[in-house]
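In: Test case, fold it:
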Amino acid sequence: MDAFAAVDFEFARQVLQRGIAALFVIAFVSSLNQFRPLLGEHGLLPASELLEWVRTSKRGARMLRPTLFRHFRYTDRRLVALCWTGILIAATLVAGLPQLGPPWVPMLCFLALWLGYMSITSIGQTFYGFGWEMLLLEAGFLAAFLGSDDQPPPVVVIVLFWWLVFRLEFGAGMIKIRGGREWRDLTALTYHHETQPMPGPLSRQAHLLPRWFHKGEVLANHFAQLVVPWFLFAPFAGLFVSGPVPAIIGAVAAAIVIATQAWLVVTGNFAWLNWMTIVLAFSAIGLPGMGAEYEGAAGPTRLEAPATAPAVTGEGVGTLPPGVFSGIPVYWLVITCAVGVLYLVISWWPLQNLFARRQLMNASFNRWQLANAYGAFGTVTKERIEIVVEGTMDDDPDRATWQEYGFKGKPGEVHRIPRQFAPYHLRLDWLMWFLPLGRSLDEWFTAFLVRLLEADAATLRLLAHDPFSGERPRWVRAVSYRYRFTTRAEFRESRARWKRDRRRTVMGPASLRR
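Out: Residues are numbered from 1 along each chain as shown. All right, here's what the predicted structure looks like:
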C-alpha cells in the first residue's frame, strides 16, 4: 500500500462493494413488502401526512432529512417504483457490472442507492428509526468512492471504512461500559439471549449455556469492541514500516470483529446490523498480490512499489500512463481526497461523542447521515414482556373465546421454534418489542388494532397467522405476558420452547361502531 493506492485491498473492495450492494437489495425488498401497510397512503402512520405537515410547518421543513418525496408527491406507486429501481441497481453492483466501467459509473450507482434509500428512511418515522438504517446509508456513500476494477482502491476511502468500523464497534463498547451495571458485573448475557428483541433458532440453546460462559461472552465482547478496533488501523503503518506485520495485525483485528459478529448472527435477529459489520470489517484485510495489475483506460500499469517513484508520464512496466497517479486517474484522486477532507471535518462531532460523558447512541450530526454515532444495548432488559394481540367473533367480550394473532418473528405460540429472519428486517415485530418497555402505547399501535378490526388485507399480510381467515373480528384486545425460555427438563416434558404467564390487559377490548 502506497500513499494513494491500496493495491493489497482489492479483495476488500470486492467484498465491500458487493456486500453493501447486497444489503441494499434486502433493504429495498423490505421496504417494498412493508412500507405501504405501515407508512403508505393507507398505512398505520401515513407518510403523506408527515409530508403535508412538513410543507406547512417551518419547523418540519428543518427537521425532515433529504427525500425525493419532498419534491415529488408521495404515492404508493412511486414508492414501489423507487424500490424496484433500487433493487435493480443494487443487483447490478452485486454482479459487478458497473465496476467494469470507469470509476464514476459505480459512484453514480451507489449514490443513487444512497439517495433513494434516504428518501425512504427520511419519511419512515418510527418504523425506520433504527441505527442500521443510517449505517447502510453511510456505508453506501463511502462505497461510491471505492472505484472500478481498472484501478486500485484509494487509500483514503479504505481508511474511512476503518474509521466507520471503529465508530461502530468502539461506540457500542463505550455505550455498554457507561450503561447498565450488568455490562460491568458481566451478567448482561445471562439475560440478553432470552430478552433480545427477536430471538433466533439457537437463542434458547445460547441462553441455557452455563453462567461462566455468559461472563466469558461479556469479557470477549468488551475486548472485541474496546480494544480490537484500535488495531484496525495497523495496515496504515505499512506506509512507514516495511514488512507484513502491520497488515497481519489489521487482518487479525478484522477476523476478531467478524467472529464476534458471526456469533451474534447465529444467536439473534438484528436485521442487517451484524451482517453489515462483517462486510465492513473486511476493509482491514489486505491480501498481497491481489490487484497488482490493473488495466487502465490509458494502458497497462504495473504497480510493483519500485525503489524509486515512477515517472508520472510514459508507459510500460514500472511507469504510469498520462493522467494516472499511482494507478489512479488524477480526477478520481481529486474526488476521493475531497471526500477524505469532508470526513476529516465532519468527524469532529462523532469523535467528541465517543469520549463524551453523555454519549449519544445512533445519532447523526448532519442532515446527510454521514459520520454518525453508533451503539446498541447500553442496558439489557432482565424480563421479557410480550404484547399478545387477540380477537374474537363473540358479541360479549366478557364471555368471549379469544384467539391469538401470530406474528412472523416475535415470540407467540410457545411451541414454535424462533425463525432466522436477519438480515431481513421485520419492522412491525421489532416495534412490538418496544411497546412494554415503560412507554405508553404508541399511536401506530392503535391504528394497527383498527386495521385488524377492519381485516385489512395488507396489514394481515404482515402477520404469520390470522385466526379469522380474513373475516372481521367483533372485538380485539392487547394482553401482556411474561415469557421465558423453558429449561431442558421443562422442554422434555412439554416440548415447548417458551413458558409464559399472563399479566394484564393493556388495551381493549375494542370494537368498531356498527
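In: Val330 against Gly323, yeah?
Out: Yes - with contact defined as CB atoms under 8 Å, Val330 reaches Gly323; the gap is 5.7 Å. For the C-beta atoms, the positions are set from N, CA and C on the backbone; glycine is no exception.
In: need the longest helix for the protein.
Out: Identified as the longest helix of the chain according to DSSP state H is helix 10-39.
In: any idea where the strands of the stretch 201-350 of the chain begin and end?
Out: Under the criterion DSSP state E, counting those that start in this stretch, the stretch 201-350 of the chain contains strands at 293-296, 299-302, 324-325, 328-329.
In: Could you pull up the mean pLDDT of the second one?
Out: Strand 299-302 carries an average pLDDT of 38.
In: and what of the first one?
Out: Taken as a whole, strand 293-296 has a mean pLDDT of 46.
In: ditto for stretch 378-386
Out: On average, stretch 378-386 scores 95.
In: first vs last residue of it, how far apart are they?
Out: In stretch 378-386, first residue to last residue: 21 Å (CA to CA, to the nearest Å).
In: Show me how far that stretch is from its chain's centre.
Out: Put simply, stretch 378-386 sits 21 Å off its chain's centre (CA atoms, centre = their mean, to the nearest Å).
In: So for that stretch, what gets flagged as buried?
Out: For stretch 378-386, a neighbour-count test (16 or more other CB atoms under 10 Å) marks Gly378, Val380, Thr381, Arg384, Ile385, Glu386 as buried.
In: what sits against the third one?
Out: Thr381 is in contact with Tyr191, Thr195, Leu437, counting by CB atoms under 8 Å, 6 or more residues apart in numbering.
In: can I get the residues you listed in TSV with distance to Val7, neighbour count and secondary structure?
Out: As requested, these are exported to TSV (distance: CB to CB, whole Å; neighbours: other CB atoms under 10 Å; DSSP: H, G, I helix; E, B strand; the rest coil):
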residue	distance to Val7	neighbour count	secondary structure
Tyr191	47	17	helix
Thr195	47	18	helix
Leu437	49	8	coil
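In: Closest to Ser119 out of those residues?
Out: Distance to Ser119 across those (CB to CB) is lowest for Leu437, with 29.7 Å.
In: Setting aside sequence neighbours, what's the nearest residue to that closest one?
Out: Thr381 (7.1 Å; CB to CB, 6 or more residues apart in numbering).
In: re earlier: list the buried residues of the helix or strand just after the longest helix of the chain.
Out: Heading C-terminal from helix 10-39, the first helix or strand you meet, by DSSP states H and E, is helix 47-56. Buried residues in helix 47-56, counted by 16+ other CB under 10 Å: Ala47, Ser48, Leu50, Leu51, Val54.
In: Over to stretch 108-116?
Out: Under the neighbour-count criterion of 16+ other CB under 10 Å, stretch 108-116 has Cys109, Phe110, Leu111, Ala112, Leu113, Trp114, Leu115, Gly116 buried.
In: three-state assignment of Thr505?
Out: Three-state assignment for Thr505 (DSSP: H, G, I helix; E, B strand; the rest coil): strand.
In: neighbouring contacts of stretch 222-238?
Out: So stretch 222-238 is contacted by 1, 8, 159, 162, 165-166, 169-170, 172-174, 176-177, 183, 246-247, 249-250, 252-254, 256-257, 260, 281, 284, 286 (CB under 8 Å, 6+ apart).
In: First residue to last residue on that stretch, what's the distance there?
Out: 27 Å.
In: do the same with stretch 447-461
Out: End-to-end span of stretch 447-461 (CA to CA): 16 Å.
In: Equivalent analysis for stretch 203-218, please.
Out: Stretch 203-218: ends 16 Å apart by CA to CA.
In: and stretch 46-66, C-alpha only, in PDB?
Out: Output in PDB follows, covering the C-alpha atoms of stretch 46-66 (Å, rounded to 0.1, in the frame of the first residue of the first chain):
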ATOM      1  CA  PRO A  46     -49.200   7.600   6.500                       C
ATOM      2  CA  ALA A  47     -46.000   9.300   5.100                       C
ATOM      3  CA  SER A  48     -48.200  11.700   3.200                       C
ATOM      4  CA  GLU A  49     -49.500  13.200   6.500                       C
ATOM      5  CA  LEU A  50     -45.900  13.800   7.600                       C
ATOM      6  CA  LEU A  51     -45.000  15.400   4.300                       C
ATOM      7  CA  GLU A  52     -48.100  17.700   4.500                       C
ATOM      8  CA  TRP A  53     -47.000  18.800   8.000                       C
ATOM      9  CA  VAL A  54     -43.500  19.500   6.700                       C
ATOM     10  CA  ARG A  55     -44.900  21.500   3.800                       C
ATOM     11  CA  THR A  56     -47.000  23.800   6.200                       C
ATOM     12  CA  SER A  57     -44.500  24.000   9.100                       C
ATOM     13  CA  LYS A  58     -41.200  25.800   9.100                       C
ATOM     14  CA  ARG A  59     -40.000  23.500  12.000                       C
ATOM     15  CA  GLY A  60     -41.000  20.400  10.000                       C
ATOM     16  CA  ALA A  61     -39.000  21.700   7.000                       C
ATOM     17  CA  ARG A  62     -35.900  22.000   9.100                       C
ATOM     18  CA  MET A  63     -36.400  18.600  10.700                       C
ATOM     19  CA  LEU A  64     -37.000  16.500   7.600                       C
ATOM     20  CA  ARG A  65     -33.900  14.800   6.100                       C
ATOM     21  CA  PRO A  66     -33.400  14.900   2.300                       C
END
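In: Just the mean pLDDT for it, thanks.
Out: 86.
In: Could you list the low-confidence segments of the stretch 301-450 of the chain?
Out: Scanning the stretch 301-450 of the chain for pLDDT under 70 picks out 301-322, 324-326, 438-440.
In: ok, and for stretch 76-93, which residues are buried?
Out: Using 16+ other CB under 10 Å as the test for burial, stretch 76-93 gives Asp76, Leu79, Leu82, Cys83, Gly86, Ile87, Ile89, Ala90, Leu93.
In: excluding its backbone neighbours, what's nearest the first one?
Out: Excluding the flanking residues, the one nearest Asp76 by CB to CB, 6+ apart is Gly40, at 4.7 Å.
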